[in-house]
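In: Could you look at this predicted model? Sequence included:
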Amino acid sequence: MFDIRDLFQWERFVTPAIIRVFYGVGSVLIVVAGVAGVASSLQIMTYSFVGGIIMALLSLLAAFAAVLALRIACEYVLVMFRMNEHLGALRNRAEM
């Protein structure tokens, strides 16, 4: 678990503990932006129905793609930290 004292010590990485919070906040912001895009597409529908439908679909598609890209980026960071832990364990085993 994350402890506030970990911020001032370099014994342990805090990024793996924070990355889940970052993913949650990022996902919520992306969903809010997607809903805002759909809402603005409803306003555009008063001028051009087809343009509004296209914008609504593109907003939903972009929100889905952004959440997927955020997930991939967060997993990449976690994989890098896990690789570091496993390489450290291999180094310790080789020193024995």
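Out: That came through, no problem.
In: what packs against the longest helix seen in the chain?
Out: Using DSSP state H, we find that the single longest helix of the chain is helix 49-95. Judged by 3 or more C-beta pairs under 8 Å, 6 or more residues apart in numbering; DSSP states H and E, the packing partners of helix 49-95 are helix 15-44. Using the backbone N, CA and C atoms, a C-beta is placed for each residue, glycine as well.
In: Now do the helix it packs on: distance to the chain's middle.
Out: Relative to the centre of its chain, helix 15-44 is centred 9 Å away, using C-alpha atoms, centre = their mean, to the nearest Å.
In: State the pLDDT value of Ala94.
Out: Here the pLDDT value assigned to Ala94 is 84.
In: For it, the count of nearby residues, please.
Out: 7 (other C-beta atoms under 10 Å).
In: How about Val35?
Out: Neighbour number of Val35 under other C-beta under 10 Å is 13.
In: Leu70 versus that one, what's the distance?
Out: Here Val35 is placed at a distance of 16 Å from Leu70 (C-beta to C-beta, to the nearest Å).
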